[in-house]
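Chemist: Build me a model from this:
(chains A and B)
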Amino acid sequence: MNPLLRLTGLCKAYGDVPVLEQLDLEIGAGLFCGLVGANGSGKSTLMRCIAGIEQADGGTIEIGGHSLQGDLLLARAALGYAVDVGSLPSELTGRQCLELVSQMRGLPSPDAEAFALAEALDLMPWLDRWVHAYSLGTRQKLSVVLALIGRPKLVLLDESLNGLDPVAAFTLKYYLRERVRSQGCSVLLATHAIESVEFWDRALLLDRSIVRQWNIAEAHISGTVLEREIVAVLSAGKPRL
Amino acid sequence: MPTANPLLLEKKALRLAFWIRSRSNPVEAAFGLGFLIVLTGIAALILATLARLHADEALEFLGAHRLPVVLVCWLGELWVALALCRKHLSLWRSGWLAPYLLPADETSALANQLLALVIRQMAGIICLAGFGWWARPSPIWINTGLGLGVAVAAGAAAAGMLTIRSRITRRPARARPAKRSSRTIALKPTRASLGSWQWAGLRAAWRSRASAAALAPGLLLIPGGEAMLTTLALLAIAACFAAGLASWAQAMNRLLVAAAWLRPQPLSAAQLIRPLLVPPTIIIVCLSLVAASCLIVLGTPPVVSLLLASGMPALALLHGACVAAFRYQAARITAWFIAQTLLLMALGQDYPPLTPVLWVLFMTMLMLKAARA
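Modeler: Take a look at the predicted model:
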C-alpha cells in the first residue's frame, strides 16, 4: 500500500546555504507524527516544500499517491496545511474564511467537524469578528480549523501550538489524536513542545535530513526521555554553555 | 561620551545588507540598475521636451508670480516634512528599536531624515532650473531656484521644530500604530466566493469614497455657460481615472492577499485569478465608457474617444496580468509593468498599429506565466 506521504532525496538550499539534504521519509495512514529539530534545522522549509509553497531543488514528493510535481491539485486536495497566521485575510471574518475555504474544497458550507473544533477551541465567539481583531492565538486556532476542512488525508501543522493557551493546546492535540484514530488521516506537527509526545505515534528529528525516528507508541517514550535523547543526538548530551 | 544612535546604525546596516544582497544576486541587481538608468533617461527626455516647448511660458509665469510660488513651495514642504516626521516617529515608537530609544536619538534621526529629504529636493530644483537654463538662459531660473531652495530648507526646519516641540510639550508616551487596520467588508452568508469577496471589497471602498460628495458645493465655483459643460466633463474624466486607479489598486492587493492565503488549496491558477480579476475589469470598462462619453461631449470624435478611453482598461489588464504572473514574487510586479508599458508607448510613437499586437503578446506571455506559477 502506498504511504500517505513519500519524500525521496529531497533537497533545498537558500542560495548556497543547504537546508534540506537528501531527505527520505515515508508516513503511512493513521499516524500522528511530531517533527522536532533545532532552530533553523529546516522544519518550516520541509513543511512548505510538502505544501508546494516552496519549490524543492531536487527529489520527489508524493501525497496520497499523487506526485506534487505532476498532479499538484490532486496532491493538494489530499493535504491540509495550516497557513502562516500573517497570511490570513484581515478584512474578512473567521466565518467568511471558513466558507471560502469550504468552497475551495468543494463543500457547499463548512462541515460540522469544523464548527465542532471551533467550539472546542473556544473560537466560536470570534467567528463573526474581523480577522484583524484576532490575537495570535485566535489566528492560530482559525488557521488550524481551516487546514482541517474537507477531511484532508494528510495534515501539516507548522508550530501551530504557538500562542495557544494551555486548554486550547491540549484540546487541539487530543482532537488530532482522535481524528487520526477515527478517520485514518495522518498529522505531521512541527513543534518544539516535546511534552506533546504522549499524543504522538512517531517522533522525527530533523537536521537537514531525518537523522533519527522514535516509535513512541511502541516504546512508550516519555517527554523527558525524548528530550534527553534529542539533546544527546544534537549536542552530544551536553548543554551548550 | 556620546553613544551611537541606534536608528542611524540601523539605517547603515540596512544599506550594507542591500549592498550584500545586490552582490549575491548580480543579474537582478544589474536589471534593477539598468531599469533605473532607462527611467532616468526617459524622465530627462520628457523634461527636456517640456523645457523646449514651454520655457517661455514658465519664465513669464515665474517672473510675474515668484513670491506666491515660493510661498506655496514653503507650505507644501511644511506639509510633506510634517508627514515624514509623523510617519517616522510612529514607525520608531512601535518598531523593534522602540525600547532602546532616547528622545535624543529620535531628534538626531529626524534631523537626518529631514536633511536627506532637503538634499533630494534641492537636487530636483537644481535639475529643473538646469533644464530651464538649457532651454532658455535667464537669471530668473537662478533667482527662483534660490528662492525655492530657501523655501524647502525653511519648510523642513519648521516641520522639524514643530514636531520636536509638540513631542516634548504634549505628545503622549503611547505612539499611534504605524498602519491603520484594514477596511472590513461584508459578504453574504453562505454565498462566499472569491468573486463575492472582490465585489464586496470594491463596494466598501466606493461607499467610503462617497464621503467625497461633501466637496460637491465646490462645483458652485464652476463658471456658467459653455465653460461649465467643459469643466464638468474634464472633472468627470479626472474622477473616472482616479476612481478606476484606486479600485484597481485595491483589487490587485486583494488578489495578492488571496494568493498568499489560498496557496496550499487545490485551486488552479484560473480558479484563483479569474473571479478576482472580473469585478475590477467590469468597473474599469464602465468607467472608461463614461470617460469616452465625456470626451465626446468635449468634441472629440467618437472613434478617437473610444480609442483614447480604451487605454485605461488595456493598461489595467496588463497590470492585472503582471500581478497574476508574479503573484508569489510581488517585488517584481512594478518593474515588469513599467518596462512593458514603456515598450508599448515607445512602439506606439512610431508604429501605432503594432501596439495592440505587442499588447496581446505581452498578455499571452504573462497569462502563460500566471498559469505555471
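
Chemist: For the helix or strand bottoming out on mean pLDDT in chain A, list every residue counted as buried.
Modeler: Every helix and strand of chain A was ranked by mean pLDDT, DSSP states H and E. The lowest is helix A:216-219, at a mean of 83. For helix A:216-219, the neighbour count (16 or more other CB atoms under 10 Å in any protein chain shown) marks A:Ile216 as buried. Quick note: C-beta positions are derived from backbone N, CA and C, even for glycine.

Chemist: What average pLDDT does the following helix or strand past that helix get?
Modeler: Per DSSP states H and E, helix A:216-219 leads on to helix A:223-235 as the next helix or strand towards the C-terminus. For helix A:223-235, mean pLDDT rounds to 85.

Chemist: Give me the distance from the lengthiest helix in chain A to the chain's centre.
Modeler: Using DSSP state H, we find that the single longest helix of chain A is helix A:166-183. Mean-position distance between helix A:166-183 and its chain equals 13 Å (CA atoms, centre = their mean, to the nearest Å).

Chemist: tell me, what residue is most central in chain A?
Modeler: Geometric centre of chain A, nearest residue: A:Leu157, 2.0 Å, by CA atoms, centre = their mean.

Chemist: Can you give me the separation between that one and chain B?
Modeler: 12 Å (CB to the nearest CB, to the nearest Å).

Chemist: outside of stretch B:110-130, which residues touch it?
Modeler: Identification of contacts with stretch B:110-130 by CB atoms under 8 Å, 6 or more residues apart in numbering or on different chains yields B:8, B:11, B:47, B:77, B:80-81, B:84-85, B:88-89, B:141-142, B:144-145, B:148-149, B:152-153, B:156-157, B:159-160, B:163-164.

Chemist: List the residue ranges of the chain that fall below the pLDDT cut-off.
Modeler: In the absence of a named chain, this looks at chain A. Residues of chain A meeting the criterion pLDDT under 70: A:1, A:237-241.

Chemist: if you could check chain B rather than the one you did, that'd help
Modeler: By pLDDT under 70, the low-scoring segments of chain B are B:1-3, B:167-191, B:208-227.

Chemist: pull the longest helix from it.
Modeler: Using DSSP H to define each element, chain B has its longest helix at helix B:26-64.

Chemist: just checking, next helix/strand downstream of it?
Modeler: Next element after helix B:26-64 (DSSP H and E): helix B:66-94.

Chemist: hmm, that next one in reach of chain A?
Modeler: No. Between helix B:66-94 and chain A, judged by CB under 8 Å from any CB of the partner chain, nothing touches; the nearest distance is 15.7 Å.

Chemist: buried ones in the longest helix of chain A?
Modeler: So for helix A:166-183, counting by 16+ other CB under 10 Å, buried means A:168-169, A:171-173, A:175-177, A:179-180.

Chemist: Distance from the longest helix of chain B to the middle of the chain?
Modeler: On CA atoms, centre = their mean, the centre of helix B:26-64 falls 17 Å from the chain's centre.

Chemist: ok, that helix near chain A or not?
Modeler: No. Using CB under 8 Å from any CB, helix B:26-64 never reaches chain A; the gap is at least 12.5 Å.

Chemist: Show me which residues of the stretch 201-350 of chain B sit near chain A.
Modeler: B:201, B:257-258, B:260-268.

Chemist: Among those, name the ones in helices.
Modeler: Short answer: those in helices (DSSP H) are B:201, B:257-258, B:260-261.

Chemist: Is it possible to get CSV of the residues you listed that adds neighbour count?
Modeler: Putting those into CSV (neighbours: other CB atoms under 10 Å in any protein chain shown) gives the following:
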residue, neighbour count
B:Gly201, 27
B:Val257, 20
B:Ala258, 23
B:Ala260, 18
B:Trp261, 21
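
Chemist: now, the most widely separated pair of these?
Modeler: For these, the maximum inter-member distance is 15.7 Å, found between B:Gly201 and B:Ala260 (CB to CB).

Chemist: Can you show me the helices along chain B?
Modeler: Counting by DSSP H, the helices of chain B are B:6-24, B:26-64, B:66-94, B:103-135, B:139-170, B:194-209, B:226-261, B:269-297, B:302-309, B:311-325, B:333-350, B:355-372.

Chemist: Comparing those, which comes out most buried?
Modeler: Most buried of these, by mean neighbour count (mean count of other CB atoms under 10 Å in any protein chain shown): helix B:311-325, with a mean of 22.

Chemist: circling back: so can I have a markdown table of the ones in helices among the residues of the stretch 201-350 of chain B next to chain A showing distance to B:Ala331?
Modeler: A markdown table is the format used below for these (distance: CB to CB, whole Å):
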| residue | distance to B:Ala331 |
| --- | --- |
| B:Gly201 | 23 |
| B:Val257 | 16 |
| B:Ala258 | 18 |
| B:Ala260 | 13 |
| B:Trp261 | 19 |
